[in-house]
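Asks: Following is a predicted model, sequence given first.
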Amino acid sequence: MSNVQNVRALAAETLYNVVDKGASLNQELPFASQGLPPKDKALLQQICYGVLRYLPSLENYCQHLVEDPLKGKRRIFQFLLYVGIYQLQHMRVPPHAAISETVNALAQLRALGLKGLINAILRSFQRQQIELEEKAELIPVCLYNHPNWFIKQVKEAYPDSWEDILAENQQQAPMWLRVNQAQYSTQEYSDMLTANDIEHTLNPDFIDGIKLAKPRDVFSLPEFDTGACSVQDAAAQLAARFLEPKADDTILDACAAPGGKTCHILELADADVLALDSDSTRLERVKQNLTRIGLGADLQCGDASQPHTWWDEKLFDRILLDVPCSATGVIRRHPDIKWLRRASDIEDLAKLQGDILNSIWPLLKPGGTLVYATCSVLPQENQQQVAKFLANNDDAEHIPLHDKDTVTMPGLQLLPGESDGFYYAKLVKKI
């Protein structure tokens, strides 16, 4: 095999591993990108994200175009077709180049005998594109490019805005920076970006945040390597602000990896922070992030639902509980979530979240604050979870985060748009 990698072949292999084998795109892309020049890395990511965003439509087109579906050992070539059609439909690659490079991928995939078939199918799509698109738009799963179970749940939860949520999930997420307030004010760092001709905007709802006009390499940002800023979505930046850390507080950041919220807490207050996560590999990311910004926390590998295995019985002043969730609020950043999640997962996740919340609550001091957080838009993981907890725990006081935040419909639900989809609820333990 030539040392020059065909990006379309790599994309087909990556997508096959994600959709058919259940691998995470976050794991597969770095592996597939090894050794690629930056331009090809960006192209690989663009194709993989795009195919995952429009997967139902691409599958539908192929159902009309392919007489005998490519199954078994030939399944990877089905994904190569998706790669080719996505380029023809959504990318600015000249059609002849999109087709030729996709067909050329067969050499790397060791299937030169399929050149004629792949070429013919892609050219058929070109001829029939308008007709195929019109047929697909009559099918909800293709019109919205989300699984039916998710469309149904979002429609029930947000009858007035469900289509907006699905549309936002199909967009590229903005790149937000969190300014390290221990080094610079948000305005000071904004001025530094302006001096470096980096276009950006500020939003008063996110006082630590700066939104870049377009994504860029982090090491092109002023003093990134010394911790002046971090990449973190605006919604996630609210966690530490709602927690309101104070100097000398003892704080538990449960489910802490990769550490963005841990770092933010320490940027706001000289507190004693324990960063807990059940994954030792991901906990290493927390350590790396803390090292870059020059701050420190105690790192502990442990299961938040089993405090007896790691807790030293010293109560915490504040707890940030960013529980494992469906991640349905960050689909635009992780489009593979749509195809890796199942409807049955939500009930299992809700049970796990309830177990963790009930297990962690006893670790909070009387008068202490707990912030419950998810990056989900589903009520079962959010309002319903916290309302149930409040109903079952007389020592939990609900602290409203906005004027419609009530005990029966608690918390703040952010939907994808200016920020990612995120949920927060704030509780104080009664003295």
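Replies: Sure, I can see it. Model, not experiment: these values are computed from the prediction.
Asks: dump the residue contacts of the residue nearest to residue 182 when sequence neighbours are not counted.
Replies: Excluding its sequence neighbours, the residue lying closest to residue 182 (CB to CB, 6 or more residues apart in numbering) is residue 267, at 4.8 Å. C-beta: built from backbone N, CA, C; applies to glycine. Contacts of residue 267 were listed using CB atoms under 8 Å, 6 or more residues apart in numbering, and they are 180, 181, 182, 240, 293, 295.
Asks: hmm, 10 Å instead?
Replies: Residues counted as contacts of residue 267 (CB atoms under 10 Å, 6 or more residues apart in numbering) are 178-183, 208, 227, 230, 240, 245, 293, 295.
Asks: ditto for residue 290
Replies: Residue 290 neighbours (CB under 10 Å, 6+ apart): 227, 259, 262, 263, 266, 273, 275, 296, 297, 299.
Asks: What about those residues, which are in helices?
Replies: Counting by DSSP state H, the contacts of residue 290 place 262, 263, 266 in helices.
Asks: from memory the first one sits against residue 240, does it?
Replies: Yes. Residue 262 is in contact with residue 240 according to CB atoms under 10 Å; the separation is 8.8 Å.
Asks: ok, back up a step: could you measure from the residue nearest to residue 182 over to residue 246?
Replies: Going from residue 267 to residue 246 by CB to CB, to the nearest Å gives 14 Å.
Asks: and what of residue 101?
Replies: Remark: distance between residue 101 and residue 246 (CB to CB) = 57 Å.
Asks: for residue 285, same thing?
Replies: Residue 285 is 26 Å from residue 246, by CB to CB.
Asks: Grab the longest helix from this structure for me.
Replies: Across the chain, the longest stretch assigned as helix under DSSP H is helix 115-136.
Asks: Which elements pack onto it?
Replies: helix 55-65, helix 75-90, helix 95-108, helix 140-144 (3 or more CB pairs under 10 Å, 6 or more residues apart in numbering; DSSP states H and E).
Asks: Burial-wise, tell me which of those helices comes out on top.
Replies: helix 75-90 (a mean of 23; mean count of other CB atoms under 10 Å).
Asks: just how off-centre is that one within its chain?
Replies: 24 Å (CA atoms, centre = their mean, to the nearest Å).
Asks: where are the low-confidence patches of the chain?
Replies: 1-3 (pLDDT under 70).
Asks: residue nearest the centroid of it?
Replies: residue 330 (3.9 Å; CA atoms, centre = their mean).
Asks: Secondary structure class of that one, three-state.
Replies: coil (DSSP: H, G, I helix; E, B strand; the rest coil).
Asks: what's it sitting at in phi/psi?
Replies: Phi and psi for residue 330, reported as degrees, to the nearest 10, are phi -120, psi 30.
Asks: just checking, it touches residue 336?
Replies: No. Residue 330 lies out of contact with residue 336 (CB under 10 Å); the separation is 11.1 Å.
Asks: if we can go back for a sec, using TSV, please lay out the helices and strands packed on helix 115-136 together with distance to residue 166.
Replies: Listed next are the helices and strands packed on helix 115-136 as TSV, based on distance: least, CB to CB, whole Å:
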stretch	distance to residue 166
helix 55-65	12
helix 75-90	17
helix 95-108	27
helix 140-144	5
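Asks: between those, which one is nearest to residue 212?
Replies: The closest of the helices and strands packed on helix 115-136 to residue 212 is helix 75-90. By CB to CB, the value is 23.0 Å.
Asks: Remind me what the closest one packs against, helices and strands.
Replies: Against helix 75-90 (3+ CB pairs under 10 Å, 6+ apart) you get helix 7-19, helix 38-53, helix 55-65, helix 95-108, helix 115-136.
Asks: Could you say which one of these comes nearest to residue 415?
Replies: Of all these, the one in closest proximity to residue 415, counting by CB to CB, is helix 38-53 (18.0 Å).
Asks: so what does the closest one touch, helix or strand wise?
Replies: Checking 3+ CB pairs under 10 Å, 6+ apart, helix 38-53 ends up next to helix 7-19, helix 25-33, helix 55-65, helix 75-90, helix 337-340.
Asks: Brilliant, that's me finished.
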